[in-house]
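> model this:
(one chain, ligands or ions: 1)
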Amino acid sequence: MKKVKVNQDLCIGCGACQAIVDSIFQIGENGLAETKEETNTMDTMEEELKSEVMDALEGCPTSAIYIEEQEEQKKEEQ
Ligand code: SF4
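As a prediction, this is how the structure comes out:
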């Protein structure tokens, strides 16, 4: 599973990513960008949204946005 993430050590809080895709990126309380867990999974994104994410990734002035490969989490039956 691929997720889009922000490295807050690099982010300068310029807000460009949020301006491009505000359904995924948001500026948190610390003034730095973060991605919303509900919407940041690349695998389930529509192509149009995915390309907007790539625009944000490429447009980030500090290259703080990256795609992280995550292990599939096991669903626990309850
Ligand atoms: S575009 Fe990059 S530097 Fe600007 S807020 Fe987003 S992640 Fe941070």
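> for residue 42, what are its contacts?
Under the criterion of CB atoms under 8 Å, 6 or more residues apart in numbering, the contact list for residue 42 reads 2-4, 50, 53, 67. Backbone N, C-alpha and C define where each C-beta goes, glycine included.
> what residues does residue 54 make contact with?
Remark: with contacts taken as CB under 8 Å, 6+ apart, residue 54 is in contact with nothing.
> how about it, phi and psi?
phi -70, psi -30 (degrees, to the nearest 10).
> make 29 the starting number, not 1.
From this message on, residue numbering opens at 29, which makes the last subject residue 82.
> so which residues of the protein form helices?
44-48, 75-87 (DSSP state H).
> could I get these as TSV with distance to residue 57 and mean pLDDT?
Compiled in TSV, these are given as follows (distance: least, CB to CB, whole Å; pLDDT from 0 to 100):
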stretch	distance to residue 57	mean pLDDT
helix 44-48	14	98
helix 75-87	21	98
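> closest one to the ligand among the ones you listed?
Relative to the ligand, the nearest member of the helices of the chain by CB to the nearest ligand atom is helix 44-48, separated by 3.2 Å.
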